[in-house]
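Engineer: sequence? don't have it. structure:
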């Protein structure tokens, strides 16, 4: 959750869209969008054309079937007409001039039923057939009553049409037929005159009433939400239609005006109410009408493509791909951005920040190489530092090995003076001290000596100095127990005693130098305190960092000591000097507390 | 450095994980696609909402009677129930029968009407085939109030499926004016035998040229009327064996038919239209038929007061014969698997089972004779009918209804009748009734055999 919020926040920033990450997001979104729009519109346009064509073709087959069915109906009705015409029972019935008695009449009527029964196909079982005899007799096939008078039936256009053209079945649209149930419904009446072949005298008219419901069965399989059907008589009256409101009306539609002039079997595209429609036409001359099938292409197509779903799917896929891209990019780019961070650290001299090896192969290779490089650089720099240290060390070592010749001259001159005085005891002591001092300085090549040895050296040095300059300055030692075995670099205390001798007590001034040695936690603290003239604090600081006197016992001055301690132990160790005028000076030396035993380990 | 090496050695397994992740990704994508396509279906299904108004389709016949009753009921019911739209479709009796059977056998329930009317003769035929397709009304309708013969007609295996409508109680409706022309009075037409009836008919024809009744060579209602009044039928009491060759009432019936035709007491007609128009136009003086014919009789307003009603003639010499019978008569049935089945049930129960006031109204409007035991619940029951010269027609006919002998119609009434009709043609030619009946028995046996 937190991650996502962070990520969303990063998206809002200007920086995001400049990054590789932002570019990928933008590219993917645009790509998918353009792809979706282009493919959708191309496929839509292509399939629309293909659909209109194939749908039209397939519906045309269905439409043709309507023609077949009507043809079949016409044949069936012809058969019935023929059956009635050829039935002696019907002929007798309609030519009854009283020659039949009641029983014969009864038998004759039964025979009529049989004859008609045989001619009717099973699907036309309940057909409404009225045979209207010129002798005023009727035959009605259904269990209902005739609601029109004979005169009205005679005058009806169906009968008139049949009488006009005696040879063929006539189909007449009518609002309401002869029987009670069909009185108020739209019907098509198929009429056929039955006549004596020689005299052409009509003895009856067969009237078959087909209600719009009956007719519907012949085209209903074609009609759907997208297709409608019109059966239009030659004089433009709608005889039957899927749009029941149109039934019986004069056809005025624009497409029909165009359709009238087309030939039978045509299929064409017409714009009706601004929408694309496929119109089919068939002429049915035996029915005296034409049938038209109209397909609403746009409506059919609208259902074919569920636009909201299409868009939804595009968005879902887009989001999925984008997520996948982002995850992949993150996996690739995260190590890179880490690398960038580490590199900026390396610029600041941190060579220990290694890269974790992760992400893609390329990035892994990069990280590995970078780590190798970092290693090399660090090694190189370490080596460089080591070399420099070694150089400094040997330099200092060289310095501490040499003894100022002036010091030797002066000391020897002092001894000579003692010999003159014939102060044998003191002479011997001084020479002993000198010998020991020289041995420890020049002959002893160990860099580190124990505190005890260092103090012996200091004794000897102080003794010689007292011989040379008198006893005006006394030196006292305060060493905490346990500090005697402590190791320290050779000749680090001597320069401070020397410095105190020559600077703290000018022109034979009396004074004291105290040396305190103690362990302070893990460190060894040495303090050299004198009560001499002191100096300003600035001078004291300068004394540490600058070489001052040429009267040194050895090549090592105060500032060498400081530098040497730092080289040996690091920056946290070294010398601090506090001084104030006429009060004295305090030198504080801090180095790690190490004994002989520990020394061996550290080396 | 160490870190690097471990990372590198891990790489193959990481690639495996990535492959797995890829698989999971495609799997999720696939799932989403499947769900989406599924959704589409669901959405489309949801869009097909049902219309607010429930349609009840009723199939029935006879514009002057059943159809009219159904339309009146529909009108009254829709006034108080906005949620239903009742459509009454007029079809022929045979059409309803064959269409319903066809639909049920094809299980094309979407084409099924909700309510159909079945003539009592046809009921067992349909129930024997499709008993499960009808709403069982045994516990919904108080059958105690309907006449027993009627209840048994619309029941099978102890379950009742129909709501009885009209009784079909048969009577002799006659034109008093025509008979008076021939010198007969009302009293001459009471308690007749068929022999007496034929004699009267002969005289009437001779005097006025008008026949007594119509006979249709392809529909024998009078024969059925004669049989039931004698307590017999085309089949035996169990309904599973044709009873023709040994059937005295049938033999007598055919003899009566022949004599009626021979003496011109009967006029041959073809089809329903001629049957109706014959008595409406005064071409015949009588109509021996079910009470439902009254609505057709009353169509001709000018004949008001000219009609009378009397009990039907009986077969002479038959001790069992009563002057009461049944012709036609029908009941309402509800299709169990139609779309508006439950609404149709509520409608029928409310209008035709429990609604005495509505039936009372139908008595005056279409002259229905309710098939009930106790007609006194109807206020119009005892009203004199001016059309019949002030006769209490309803009371008279309901009184007859109680006397109708119960017979088992079986399931093949019209099929057997077709055989008899065909054989009767031979009788007319050679006069051999017994031979004709034997042949008919043979054919009917083949038909009835189960």
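Structural biologist: Good, I have the coordinates. Being a predicted model, the structure only gives us computed values, none of them experimental.
Engineer: Now do the SS call for the residue nearest the centre of chain A.
Structural biologist: Chain A has residue A:323 as the residue nearest its centroid, 1.7 Å off, counting by CA atoms, centre = their mean. State at residue A:323, reduced to three classes by DSSP: H, G, I helix; E, B strand; the rest coil: helix.
Engineer: now it: how far from chain B?
Structural biologist: Residue A:323 sits 9 Å away from chain B, taking CB to the nearest CB, to the nearest Å as the criterion. Every residue, glycine included, has its C-beta placed from N, CA and C.
Engineer: Next: residue A:237.
Structural biologist: Remark: distance between residue A:237 and chain B (CB to the nearest CB) = 26 Å.
Engineer: In the stretch 51-200 of chain A, where is pLDDT below threshold?
Structural biologist: Along the stretch 51-200 of chain A, segments meeting pLDDT under 70 span A:96, A:121-125.
Engineer: Which part of it gets nearest to chain B, residue-wise?
Structural biologist: residue A:110 (3.5 Å; CB to the nearest CB).
Engineer: what's the helix or strand for that residue?
Structural biologist: Using DSSP states H and E, residue A:110 maps to helix A:102-119.
Engineer: start to end distance for stretch A:183-200?
Structural biologist: Its start and end residues considered, stretch A:183-200 measures 32 Å (CA to CA, to the nearest Å).
Engineer: That one near chain B anywhere?
Structural biologist: No: against chain B, stretch A:183-200 shows no contacts by CB under 8 Å from any CB of the partner chain, the least distance being 9.0 Å.
Engineer: Stretch A:206-216 now?
Structural biologist: No: counting by CB under 8 Å from any CB, chain B has no neighbours in stretch A:206-216; the shortest distance is 9.5 Å.
Engineer: neighbours of residue 347, just the number please.
Structural biologist: Went with chain A since none was named. Neighbour count of residue A:347, defined by other CB atoms under 10 Å in any protein chain shown: 8.
Engineer: Can you look at chain B instead?
Structural biologist: With other CB under 10 Å as criterion, residue B:347 counts 24.
Engineer: on that earlier part again, pull the contacting residues for the residue of the stretch 51-200 of chain A closest to chain B.
Structural biologist: Residues near residue A:110 by CB atoms under 8 Å, 6 or more residues apart in numbering or on different chains: B:217, B:218, B:421, B:425.
Engineer: Just give me the least confident of these.
Structural biologist: On pLDDT alone, residue B:218 ranks lowest of those, at 90.
Engineer: okay but that residue is in contact with residue B:421, surely?
Structural biologist: Yes: counting by CB atoms under 8 Å, residue B:218 touches residue B:421, with 6.0 Å between them.
Engineer: If you count surrounding residues, which of these two has more?
Structural biologist: Using other CB under 10 Å, the more surrounded residue of residue B:218 and residue B:421 is residue B:421, with 19 against 16.
Engineer: Distance check, the more buried one against chain A.
Structural biologist: Separation of residue B:421 from chain A (CB to the nearest CB) stands at 7 Å.
Engineer: List the contacts of the residue nearest to the centre of chain A.
Structural biologist: With CB under 8 Å, 6+ apart as the criterion, no residue contacts residue A:323.
Engineer: So for it, what's the pLDDT?
Structural biologist: For residue A:323, pLDDT reads 85.
Engineer: Chain A contacts on the stretch 101-250 of chain B?
Structural biologist: Counting by CB under 8 Å from any CB, the stretch 101-250 of chain B sits next to chain A at B:215, B:216, B:217, B:218.
Engineer: Ranking by neighbours, what's the top pick from those?
Structural biologist: Going by other CB under 10 Å, residue B:217 tops those with 25 neighbours.
Engineer: Once you drop chain neighbours, what's closest to it?
Structural biologist: Excluding its sequence neighbours, the residue lying closest to residue B:217 (CB to CB, 6 or more residues apart in numbering or on different chains) is residue A:110, at 3.5 Å.
Engineer: can you tell me which residues contact the residue in the stretch 401-550 of chain A positioned nearest to chain B?
Structural biologist: Proximity of the stretch 401-550 of chain A to chain B (CB to the nearest CB) peaks at residue A:522, 31.8 Å away. Residues near residue A:522 by CB under 8 Å, 6+ apart: A:592, A:593.
Engineer: Report whether stretch A:370-377 contacts chain B.
Structural biologist: Yes: with CB under 8 Å from any CB as the criterion, chain B is reached by stretch A:370-377 at A:371, A:375.
Engineer: Now tell me what touches that stretch from outside.
Structural biologist: A:339, A:342, A:343, A:346, A:351, A:353, A:354, A:355, A:357, B:1, B:4.
Engineer: Noted, bye for now.
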